[in-house]
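>>> I'll drop the sequence and a predicted model, then ask my questions.
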Amino acid sequence: MRIILGIQEAHDASAALMVDGEIVAAAQEERFSGLKGDYGYPRQSIEFCLKQADLGASQIDEVVLATNLWNPVLTKIKRNANFKVSDWVAEQHKYWKPVLLENRQVSYYDLFKDRPDFHYDDTYPFDRLLSGYMDKEGMRQAREIRRTTVSMLLGIPLERVKTIMHEDCHTFYAYFGSPMRGRVLALTSEGIGDYSNGTVSEFSEEGRHELAHTRENHLGHIYQYITLLLGMKPNEHEYKVMGLAPYANKKELDKSYQVFARIQKVEGLNIVYDEKPPDLYFHFRDKLEGHRFDGIAGAVQKFVEVMLGRAPAACVTSGDAPRCKSPPKERKQDRRKAEEAPARSRDGILRPGTQGSRGPDKRSAPRRREASRAGAS
């Protein structure tokens, strides 16, 4: 019997247990802690999985930690779990604006430490790694701290604990979680991975062969910041933006779409910058002033769909999965029609943000809302 424990320690912390190639238990930490999107070592999820399978930690053959290089600062402050909308806005004004637009150095951790309303991670001894932000050496040291801590907590030898590439996590999930077999293409599109925020790979049961990668695919960041600009919580309420998108009329959608249209392009196999703005929050805040909320939602959804529709993918997975649904492969001559007319996915559900001049199909709205909720759960 071979037992593998998979652990996700960052946002949406969770654990899954595989026995002889079959997943026998899986759980998300928020279900036990009550902290939505809980961040860090998922102790209670691990205990649940082992109890469910009637196994002890000493029986585990291998522990796999998703992602090689996590940001220890974000883990310490449990950012996605603790942040309210006001904190996401403060992050832009107090950290990203000085760093990106004013060329000033700011300590990210100092901005959000000692908050009485925050839950802080106390599992990993990261205190000496909190002065930087996305510091490569700090993240390498954090990797070894993670392995050592997990080994100690589970009482198993260090050599049984390893980390794996973030991008591999997405592509393996996409392939083995889908009905596709044989040789397929896998596309990742996300905020940030170990070395990219977008990849294109050929995948089969033999594994993954990468064809291209980029650090300029910012579809996830753009959708995240539009969610924030619409007054909702990033990395949680994007499904609401997607659900709102079909209610934009063609006039408002087209008006707002012009703000997005030239930001990114497909170059070769990669989604990259076309006309790069100074940043991705204040730029859209200023450019979208006076635009209707539903027009903005419809435009950003259309923008993501158009970009992913131009990328060569038959199998899609990403950190943006709840909001990015790639249309079926289209013939070249049909692409323009697909951008302008109502477009239905293979399950028959109208994709948000691509309605024609008639506006949204209200009869489909309940099904769209149901699909949006399911995609975000």
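That came in fine, so what should we check first?
>>> look up how far residue 164 lies from residue 42.
Using CB to CB, to the nearest Å, residue 42 is found at 17 Å from residue 164. The way it works is simple: take the backbone N, C-alpha and C, and place the C-beta from them, glycine included.
>>> please, which helix or strand holds residue 150?
Here residue 150 sits within helix 136-154, counting by DSSP states H and E.
>>> same for that helix, what does it pack against?
strand 62-66, helix 72-77, strand 161-164 (3 or more CB pairs under 8 Å, 6 or more residues apart in numbering; DSSP states H and E).
>>> what's the average pLDDT for that helix?
What helix 136-154 shows for mean pLDDT is 95.
>>> that helix versus strand 62-66: what angle between them?
Here helix 136-154 points in a direction 140 degrees away from that of strand 62-66 (axes from the mean of the first three to the mean of the last three CA atoms, to 10 degrees).
>>> in helix 136-154, what counts as buried?
138, 139, 142, 143, 145, 146, 147, 149, 150, 151, 154 (16 or more other CB atoms under 10 Å).
>>> quick check: the farthest pair among those residues?
138 and 154 (24.4 Å; CB to CB).
>>> any idea how far residue 89 is from the closest residue to residue 164 other than its chain neighbours?
Nearest residue to residue 164 in three dimensions, chain neighbours excluded: residue 64, at 5.7 Å (CB to CB, 6 or more residues apart in numbering). Applying CB to CB, the value for residue 64 to residue 89 is 36 Å.
>>> let me see the ranges of the helices in the stretch 101-250 of the chain.
With DSSP state H, counting those that start in this stretch as the criterion, the stretch 101-250 of the chain has helices at 108-112, 136-154, 166-176, 219-229, 238-244, 250-260.
>>> so how far is the fifth one off the chain centroid?
What it means is helix 238-244. 15 Å (CA atoms, centre = their mean, to the nearest Å).
>>> now do that helix: which elements does it pack against?
helix 219-229, helix 293-310, helix 365-376.
>>> returning to that earlier point: of residue 42 and residue 164, which one has the most company?
Set residue 42 next to residue 164 and count neighbours by other CB atoms under 10 Å: residue 42 wins out with 26 against 15.
>>> ok, now which ones touch that one?
7, 8, 9, 13, 14, 15, 27, 28, 29 (CB atoms under 8 Å, 6 or more residues apart in numbering).
>>> ok, for the fifth one, nearest residue in space, not its chain neighbours?
Right, residue 14. Closest to residue 14 by CB to CB, 6+ apart is residue 28, at 4.3 Å.
>>> quick one: find the helix or strand in the protein with the lowest mean pLDDT.
For the chain, scoring each helix and strand by mean pLDDT, DSSP states H and E identifies helix 365-376 as the least confident one, at a mean of 37.
>>> point out where the chain drops to low pLDDT.
Along the chain, segments meeting pLDDT under 70 span 312-377.
>>> could you chop it up by domain?
3-72+135-165, 74-122, 219-369 (automatic domain parsing).
>>> the shortest one spans what distance, first to last residue?
What that stands for is domain 74-122. From its first residue to its last, domain 74-122 covers 13 Å (CA to CA, to the nearest Å).
>>> off-centre distance for it?
19 Å.
>>> and residue 161, how many neighbours?
By other CB under 10 Å, neighbour count at residue 161 equals 22.
>>> who is it paired with across the strands?
residue 63 (DSSP bridges).
>>> wait, it touches residue 150, no?
Yes: between residue 161 and residue 150 a contact is recorded at 5.2 Å, counting by CB atoms under 8 Å.
>>> who touches both of those two?
Shared contacts of residue 161 and residue 150, counting by CB under 8 Å, 6+ apart, come down to 63, 65.
>>> in this structure residue 2 contacts residue 17, no?
No: using CB under 8 Å, residue 2 is not in contact with residue 17, being 11.6 Å away.
>>> would you say residue 265 is within a strand?
Yes: with DSSP: H, G, I helix; E, B strand; the rest coil as the criterion, residue 265 is part of a strand.
>>> tell me the phi and psi of the residue lying closest to it once chain neighbours are set aside?
Nearest residue to residue 265 in three dimensions, chain neighbours excluded: residue 274, at 4.0 Å (CB to CB, 6+ apart). Residue 274 adopts backbone torsions of phi -100, psi -70, taken as degrees, to the nearest 10.
>>> contact partners for residue 274?
By CB under 8 Å, 6+ apart, residue 274 lies in contact with 262, 263, 264, 265.
>>> what would the helices and strands packed on helix 136-154 look like in TSV with distance to residue 51?
Shown next, in TSV, are the helices and strands packed on helix 136-154 (distance: least, CB to CB, whole Å):
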stretch	distance to residue 51
strand 62-66	17
helix 72-77	26
strand 161-164	21
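>>> out of those, nearest to residue 235?
helix 72-77 (11.3 Å).
>>> reformat the helices and strands packed on helix 238-244 as CSV; add mean neighbour count and distance to residue 79.
Shown next, in CSV, are these (neighbours: other CB atoms under 10 Å; distance: least, CB to CB, whole Å):
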stretch, mean neighbour count, distance to residue 79
helix 219-229, 23, 13
helix 293-310, 24, 22
helix 365-376, 15, 19
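>>> residue 270 is nearest to which of those?
Here helix 293-310 is closest among these (CB to CB), at 11.0 Å.
>>> ok, now how distant is the residue lying closest to residue 191 once chain neighbours are set aside from residue 16?
Leaving out its chain neighbours, the residue that sits closest to residue 191 by CB to CB, 6+ apart is residue 220, at 4.5 Å. The spacing between residue 220 and residue 16, counted by CB to CB, is 23 Å.
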